[in-house]
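> no sequence for this one, just the structure:
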Ligand code: PAF
């Protein structure tokens with residue numbers, strides 16, 4: 001596996017592959033890699049002959065008072081896991097490689113950034129869209145893989161790639177879960193043993209909602225009430241939101257129809273957990 005830290009090193013390696021007619025797959029990450037990230041690399045391999053993974057803890061997508069400084073950083077373990085997963089190039093840029101001195105461009109994707117995470121974390125999606133656009137410009141992949149766990153981010157990235165004509169296929173990878181249903185996340189290491197025990201209630205709420213929808217429930221208010229009730233029964237968790245939205249626009253829905261997402265967020269102590277249910281309702 002090649003390790004690149006500069007634009008020149010990255011472009012040199014990727015340029016050689018592109019000149020040889022290879023298809024480049026890209027997996028952007030913030031490191032502290034777990035099995036969920038490695039599943040993105042595996043999926044990228046199925047869509048491309050070369051896989052580039054970036055590790056960059058993007059300061060622009062963290063708000064004041066969020067966990068940028070304490071975000072887990074495990075560079076050696078990340079490199080070893082990526083090499084074992086068959087990644088061809090690991091790109092680890094410094095801040096001034098991604099944002100050269102004087103850079104002042106910001107990318108804002110309007111509609112899918114509104115509400116939910118957009119309200120809880122003002123400026124977050126502008127930071128995500130800006131760094132993803134910069135990474136797309138550097139790597140210029142044919143295909144990029146993002147996790148379904150960050151459902152609103154996925155909608156933002158799809159809109160970004162479409163609206164700015166990047167010509168990149170955005171592939172979504174299913175959420176990878178612990179055996180008790182908790183969605184894997186680099187931030188799960190923050191959970192105390194009690195918080196970790198409480199955390200799967202969020203997934204259980206989603207599964208209860210899935211069962212109600214399968215039984216014919218189509219009212220968003222009724223479905224989100226099921227999630228609220230399950231999370232309220234767990235004293236270690238505090239729900240921030242549960243909503244039903246259209247999968248592509250993240251526009252709120254009163255009744256379920258078409259491709260829908262039920263995104264949820266909760267706090268376990270000081271740690272935010274997000275998860276979602278994605279389904280097609282006919
Ligand atoms: O999902 C993440 O890890 C980040 O938001 C991303 C897409 C790598 C951008 O920094």
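Cool, got the structure. Treat the numbers as computed from the prediction; the structure is a model and nothing was measured.
> Residue 272: which element?
strand 271-281 (DSSP states H and E).
> So what does the residue nearest to the spatial centre of the chain have for phi and psi?
In the chain, the centroid-proximal residue (C-alpha atoms, centre = their mean) is residue 150; its distance is 3.6 Å. Per-residue torsions, residue 150: phi -90, psi 70 (degrees, to the nearest 10).
> hmm, back to that, what's the spacing between the strand holding residue 272 and its chain's center?
From the chain centre to the centre of strand 271-281 is a distance of 11 Å (C-alpha atoms, centre = their mean, to the nearest Å).
> Buried ones in that strand, by neighbour count?
271-278 (16 or more other C-beta atoms under 10 Å). No exception for glycine: its C-beta is placed from N, CA and C like everyone else's.
> For residue 63, give me its contacts.
121-124 (C-beta atoms under 8 Å, 6 or more residues apart in numbering).
> what stretches of the stretch 151-282 of the chain score poorly on pLDDT?
Applying pLDDT under 70 to the stretch 151-282 of the chain flags no residue at all.
> who touches whichever residue of the stretch 151-282 of the chain sits closest to the ligand in this structure?
For the stretch 151-282 of the chain, the residue closest to the ligand is residue 153, as judged by C-beta to the nearest ligand atom, at 5.7 Å. Residue 153 makes contact with 117, 125, 128, 146, according to C-beta under 8 Å, 6+ apart.
> List the contacts of the longest helix anywhere in the chain.
Across the chain, the longest stretch assigned as helix under DSSP state H is helix 124-139. Residues from elsewhere that reach helix 124-139 (C-beta under 8 Å, 6+ apart): 7, 10-11, 14, 24, 26, 28, 52, 54, 56, 58-63, 91, 93, 98-99, 105-109, 112-113, 117-118, 144, 152-153, 156-157, 160-161, 164, 166, 168.
> same for the next helix or strand after it, what does it pack against?
Proceeding N to C from helix 124-139, the next assigned helix or strand is strand 143-147, under DSSP H and E. When contacts are defined as 3 or more C-beta pairs under 8 Å, 6 or more residues apart in numbering; DSSP states H and E, strand 143-147 packs onto strand 24-29, helix 35-47, helix 151-163, strand 169-173.
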